[in-house]
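Colleague: Below are the sequence and a predicted model for it; my questions follow.
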Amino acid sequence: MISPVLFETLPTANGKQFAVATLNEEKTLNSLSIEMVDLLSAQLLQWQDDDQIVAVMLQGAGQKAFCAGGDVQKLYRSAVENPGGPCQYAEDFFGREYALDYLIHDYKKPMLCWGHGIVMGGGLGLMAGCRHRIVTEKTRMAMPEITIALFPDVGGSWFLNRAPGRTGLYLALTAGSMNATDCLFVGYGDHFVEHERKESVIQQLLALDWSANSESNSAAIDTLLSAVSADSEAAKPAANIEPHFDIIQQLTDYDNLSDIVDAIKNYQSDDKWLNKGAAALAHGSALSACNIYQALQQAKSMTLAEVFQFELILGTNIVRHPEFAEGVRALLIDKDQQPRWLFDTVNDVPSSLLEQMITPPWDTNPLANL
């Protein structure tokens, strides 16, 4: 059996080792399973403690995706086989995935992510914590959880709140698609490099004069990538988000979710990107929209560790609720695109249910020791 995650180390010019982890499930667009999360976690911890390893790069197998997210069909099976919960596989997956994401955010050595192709959901969770995030002409990034009644987890409550203005809220509610230029604008990418330059970049990385100091090594990586980015400038795609920034602020400039949803859905425009977002919100789960809004509100004052602990509470309660299974059924199982949501509008969602969603379902949070 070929491993779902491949690991290798490449010798540098000055005798150190540059480590590479490759998500190796090309047929599922490198979607994450518990096995993949566990393999990555164990290897990253080992590399972090190995003095010979100077940096780590994450990449995806194939040309289509870095990582399209978690393996939602496995989460669906866990939910439908255990109505009301506990949904052991799904809940274990969330806990281990978030712990991995936190490890990446807190990693003691430079981490690069080659974010080529699709980067969605759990893929963005992996990429967001990396110190050096590379986007290409084919990068397509999104947090489309509203379409399946989930919410942008994997630290989304942290990094969406840190996007310019209220862009993060808008992207979460509308499953907004980002290209490389958008990723750079909102802060989810650091360098734009044409994908055809990848092997050249790796060879230049191996040729760096690596030291024992991670900060110095990070600075050297940034200098190299900035130079390569300058050579790729002409290939950058046209922006979607920055030209619409003022409109996004206008549509989200209300103190309650209902008015925000109405403003987005009712905005009259012939702009394809805005209209696609409005349609996604209109077709998505009202319960999910409420959970997205309350998650971003709650997380504003939290530390990163507290965000992951909070997201595990919300994710666990969501997967135990029938709305999630229905969303996955309509989009990915039966593929009829006709989800039978429990609530027609965000105003129909009971406040008692929203409170229940953020109430811990256990005595001790599994991520209490982050």
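Modeller: Sure thing, it's come through.
Colleague: Do I have it right that residue 206 meets residue 11?
Modeller: Yes: between residue 206 and residue 11 there is a contact under C-beta atoms under 8 Å: 7.2 Å. All C-beta atoms are positioned from the backbone trio N, CA, C, and that covers glycine.
Colleague: out of these two, which sits in the more crowded spot?
Modeller: Set side by side, residue 206 and residue 11 show more neighbours around residue 206, with 17 against 11, by other C-beta atoms under 10 Å.
Colleague: What count of nearby residues applies to the closest residue to the more buried one other than its chain neighbours?
Modeller: Distances taken as C-beta to C-beta, 6 or more residues apart in numbering place residue 12 nearest to residue 206, at 4.9 Å, with adjacent residues excluded. Residues lying near residue 12 (other C-beta under 10 Å) number 18.
Colleague: separation between residue 12 and residue 122?
Modeller: Distance of residue 12 to residue 122, given as C-beta to C-beta, to the nearest Å: 30 Å.
Colleague: and if you look at residue 215?
Modeller: 29 Å.
Colleague: What of residue 195?
Modeller: Residue 195 is 21 Å from residue 122, by C-beta to C-beta.
Colleague: And for residue 83?
Modeller: Going from residue 83 to residue 122 by C-beta to C-beta gives 24 Å.
Colleague: The two - which one has more neighbours?
Modeller: With neighbours defined as other C-beta under 10 Å, residue 83 and residue 122 compare such that residue 122 has more, 27 against 11.
Colleague: Please enumerate the strands of this structure.
Modeller: 5-11, 17-23, 53-60, 65-67, 111-115, 118-120, 132-135, 140-142, 191-192 (DSSP state E).
Colleague: Now list whatever residues contact both of residue 206 and residue 11.
Modeller: Jointly contacting residue 206 and residue 11 under the rule C-beta atoms under 8 Å, 6 or more residues apart in numbering are residue 18.
Colleague: which residues in the stretch 101-250 of the chain form helices?
Modeller: Ranges of helices within the stretch 101-250 of the chain are 122-128, 156-159, 167-174, 180-186, 198-206, 214-232, 245-251, based on DSSP state H, counting those that start in this stretch.
Colleague: possible to save the ones you listed as JSON lines with distance to residue 55 and mean pLDDT?
Modeller: Below are the helices of the stretch 101-250 of the chain laid out as JSON lines (distance: least, C-beta to C-beta, whole Å; pLDDT from 0 to 100):
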{"stretch": "helix 122-128", "distance to residue 55": "16", "mean pLDDT": "98"}
{"stretch": "helix 156-159", "distance to residue 55": "22", "mean pLDDT": "98"}
{"stretch": "helix 167-174", "distance to residue 55": "29", "mean pLDDT": "98"}
{"stretch": "helix 180-186", "distance to residue 55": "21", "mean pLDDT": "98"}
{"stretch": "helix 198-206", "distance to residue 55": "7", "mean pLDDT": "98"}
{"stretch": "helix 214-232", "distance to residue 55": "6", "mean pLDDT": "97"}
{"stretch": "helix 245-251", "distance to residue 55": "34", "mean pLDDT": "98"}
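Colleague: Not counting its neighbours along the chain, what's nearest residue 238?
Modeller: Excluding the flanking residues, the one nearest residue 238 by C-beta to C-beta, 6+ apart is residue 181, at 6.9 Å.
Colleague: Count the residues that sit near the nearest residue to residue 72 once chain neighbours are set aside.
Modeller: Closest residue in space to residue 72, ignoring its immediate chain neighbours: residue 328 at 5.7 Å, by C-beta to C-beta, 6+ apart. Neighbourhood size, residue 328 [other C-beta under 10 Å]: 23.
Colleague: list the contacts for residue 328?
Modeller: Contacts of residue 328 by C-beta under 8 Å, 6+ apart are 72, 73, 75, 76, 79, 148.
Colleague: Run a quick neighbour tally on residue 9.
Modeller: 15.
Colleague: show me the contacts for it.
Modeller: 17, 18, 19, 20, 52, 53.
Colleague: Residue 226: which of those residues is nearest?
Modeller: residue 18 (18.9 Å; C-beta to C-beta).
Colleague: Kindly tell me how buried that closest one is, as a neighbour count.
Modeller: Neighbour tally, residue 18, other C-beta under 10 Å: 22.
Colleague: Contact partners for the residue nearest the centre of the chain?
Modeller: Compute the mean C-alpha point of the chain, and by C-alpha atoms, centre = their mean the closest residue is residue 124, 2.5 Å away. Going by C-beta under 8 Å, 6+ apart, residue 124 touches 141, 142, 143, 154, 156, 188.
Colleague: how about residue 338, phi and psi?
Modeller: As for residue 338, its main-chain torsions (degrees, to the nearest 10) stand at phi -130, psi 70.
Colleague: Straight-line length of stretch 133-150, end to end?
Modeller: End-to-end distance of stretch 133-150: 25 Å, with C-alpha to C-alpha, to the nearest Å as the criterion.
Colleague: same check, this time on stretch 312-328
Modeller: Start-to-end, stretch 312-328 (C-alpha to C-alpha) is 19 Å.
Colleague: again, but for stretch 41-59
Modeller: 15 Å.
Colleague: any idea how far that stretch is from the chain center?
Modeller: Averaging C-alpha positions (C-alpha atoms, centre = their mean, to the nearest Å) puts stretch 41-59 21 Å from its chain's average.
Colleague: Show residues contacting that stretch.
Modeller: By C-beta under 8 Å, 6+ apart, stretch 41-59 touches 5, 7, 9, 12, 16-23, 66, 96, 99-100, 103-104, 107-114, 116, 126-127, 130, 202, 205, 210, 212, 217, 221.
Colleague: How much space separates the residue nearest to residue 238 from residue 138?
Modeller: Residue 181 is 13 Å from residue 138, by C-beta to C-beta.
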